[in-house]
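1. Provided below for reference: sequence and predicted model.
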Amino acid sequence: MPRRPRVLLEGYPLHIVQRGINREPCFFAEEDYHCYLHWLEETSRACGCAIHAYALMTNHVHLLLTPAASGAAARLMQSLVRRYVQYVNRFYRRTGSLWEGRYKSSVIHAEDYLLACQRYIELNPVRACMVDDPGQYRCSSYRSNGLQQHERRLTPHLLYQSLGNSPETRSAAYRELFRPQLDAEAAETIREALRLGMPLGNERFAESICRQLGIRRNTGQRGRPVTEKEAVTNPLPGQTDFGF
């Protein structure tokens, strides 16, 4: 069967996940995380992608970004993957693939799901039982978004900026979003959209995006998506994690 076309649209936030081949580690030492983040910053600027959130796990990567052009995200991932694999293969004297096939992606309806998706990404180390609090994990964007530890590579989304009139009030309001657990149905909806490569949002948004691109909507398991309004009522990396 032919591969489904990616839903990559100018100006729409995009959730990207790339996993190590056979779910094996793709980061082996602290320096590896630093190299990946350095090239993420370089390539995101060169390709015109605003990075809003990220989490580098032992065997996979989460990114939340908004591309300035329809092909910007694809160019970013192509360049980033190539540079990082070359570095790993040279430094660790290995050959062959590092990543498991194509990266997964899902375009996001920002008003409904952007902040929920940021929480989902930054809570990955907690779900993997690597830390008890997202602020303890050093290779995610939570310390910038929630604790005011500024990162040049990050560009806050307008919805994040609307949380307050100052960096202090915004980060405080953002931390409040982490007090309740992320709704299990919302988390499953995010995972399902990634698995299917489908838009993440309400019915009208998903149908509109698929119609715009001329693709058939794949809903997988039937069920009503949960909106952000409903969903919201560290040691060094190196441990094995699981899932998305």
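-> Thanks, I have the structure now.
2. So which residues of this protein form strands?
-> Under the criterion DSSP state E, the chain carries strands at the ranges 14-19, 49-56, 60-67, 104-107.
3. By mean pLDDT, show me the worst of these.
-> Per-stretch mean pLDDT for these is lowest at strand 104-107 (a mean of 91).
4. Helices of this protein, start to end?
-> 30-47, 72-91, 110-122, 124-127, 142-147, 158-161, 167-176, 184-196, 203-213, 228-231 (DSSP state H).
5. can you tell me how far the residue nearest the centre of the chain sits from Leu194?
-> By CA atoms, centre = their mean, the chain has its centre lying nearest to Leu63, at 2.8 Å. To Leu194, Leu63 is 12 Å away according to CB to CB, to the nearest Å. In short, each C-beta sits where N, CA and C put it, glycine included.
6. Same check on Leu98?
-> From Leu98 over to Leu194 (counting by CB to CB), the distance is 20 Å.
7. Grab the nearest non-local neighbour of Arg175.
-> Gly146 (4.9 Å; CB to CB, 6 or more residues apart in numbering).
8. Tyr113 now?
-> Leaving aside its sequence neighbours, Tyr113 sits nearest to Leu200 (CB to CB, 6+ apart; 5.2 Å).
9. Sketch out the low-pLDDT regions of this protein for me.
-> Applying pLDDT under 70 to the chain flags residues 1-9, 213-244.
10. shouldn't Cys139 be in contact with Leu56?
-> Yes - with contact defined as CB atoms under 8 Å, Cys139 and Leu56 form a contacting pair (4.1 Å).
11. picking up where we left off before, between Leu63 and Leu194, which contacts overlap?
-> Listed contacts common to Leu63 and Leu194 are His15, Val17; contacts here mean CB atoms under 8 Å, 6 or more residues apart in numbering.
12. I'd like the distance between the spatially most distant residue from the centre of the chain and Val81.
-> Residue farthest from the centre of the chain, counting by CA atoms, centre = their mean, is Arg93 at 29.2 Å. Separation of Arg93 from Val81 (CB to CB): 20 Å.
13. give me every residue that touches the residue nearest to Tyr113.
-> Contacts of Leu200 (CB under 8 Å, 6+ apart): His15, Ser106, Val107, Ile108, His109, Tyr113, Cys117, Thr189, Ile190, Ala193, Ala206, Pro225.
14. What residues does the closest residue to the second one other than its chain neighbours make contact with?
-> In space, Ser106 comes closest to Ala193 once its chain neighbours are excluded; the distance is 4.0 Å by CB to CB, 6+ apart. Under the criterion of CB under 8 Å, 6+ apart, the neighbours of Ala193 are His15, Ser106, Pro199, Leu200.
15. Tyr54 now?
-> Leu37, Leu40, Val61, His62, Leu63, Leu64, Ile121, Ser140, Ser141.
16. ok, now Leu154?
-> Ile51, His52, Ala53, Ser141, Ser144, Asn145.
17. Equivalent analysis for Asp132, please.
-> Val126.
18. and if you look at Arg94?
-> Taking CB under 8 Å, 6+ apart, one finds Val88 in contact with Arg94.
19. now do Tyr12
-> Thr66, Pro67, Val107, Ile108, Ala110, Ile209.
20. Apply 7 Å and report the result again.
-> By CB atoms under 7 Å, 6 or more residues apart in numbering, Tyr12 lies in contact with Thr66, Val107, Ile108.
21. Any chance of TSV for the residues you listed, columns neighbour count and distance to Val131?
-> Listed next are those as TSV, based on neighbours: other CB atoms under 10 Å; distance: CB to CB, whole Å:
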residue	neighbour count	distance to Val131
Thr66	23	27
Val107	25	29
Ile108	23	25
